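Trainee: can't give you the sequence, but here's the structure:
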């Protein structure tokens, strides 16, 4: 079993929900306990969901990507203000479940994912299962699930 002190590459997926904000704060705290740790802040624009929308347009997708980058800038600023010095910000498009659970951990050698217990979309969670549940079940990386309350 790996000690919390051994994690070096910590992924914090964010979507702007209260739960992801709590998870982000926890990730920052973990990173700040050891200066050599690296924090990766990720937001994924779910292009599959966008393309299923009745009024899909390239402009809608571009707006979602712009919002993603704005969200990431806010979290990056918060991390820097909290003292995080090793920081990478990642904006991706595609399936959030797969990108968080598999793609980014492999690409960046992530050894801990700190994720909120629930995200923005309660309806999707009921229909397809939550991103958090998928990540905790399928990722080969240890997952720390944070509840906002």
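Mentor: Alright, I've got the coordinates. These figures come from a predicted structure and were not determined experimentally.
Trainee: go ahead and confirm residue 68 touches residue 45.
Mentor: Yes - counting by Cβ atoms under 8 Å, residue 68 sits close enough to residue 45 to count as a contact (5.1 Å). For the C-beta atoms, the positions are set from N, CA and C on the backbone; glycine is no exception.
Trainee: name the residues contacting each of those two.
Mentor: By the contact definition Cβ atoms under 8 Å, 6 or more residues apart in numbering, residue 68 and residue 45 are jointly contacted by residue 91.
Trainee: can you tell me the SS state at residue 10?
Mentor: Put simply, residue 10 is strand when judged by DSSP: H, G, I helix; E, B strand; the rest coil.
Trainee: residue contacts, it?
Mentor: The contact partners of residue 10, taken as Cβ under 8 Å, 6+ apart, are 27, 30, 31, 37, 38, 39, 40, 110, 111, 112, 113, 114.
Trainee: so what's it bridging to?
Mentor: For residue 10, the beta-bridge partners are residue 39, residue 112 (DSSP bridges).
Trainee: helices along this structure, start to end?
Mentor: Counting by DSSP state H, residue ranges of the helices within the chain are 18-32, 47-52, 58-81, 96-98, 104-108, 122-128, 131-138.
Trainee: and the longest one, what's buried?
Mentor: Residues of helix 58-81 classed as buried by neighbour count (16 or more other Cβ atoms under 10 Å): 61, 64, 65, 68, 71, 72, 75, 76, 79.
Trainee: just checking, residue 28 touches residue 82?
Mentor: Yes - contact criterion Cβ under 8 Å: residue 28 and residue 82 qualify, at 4.9 Å.
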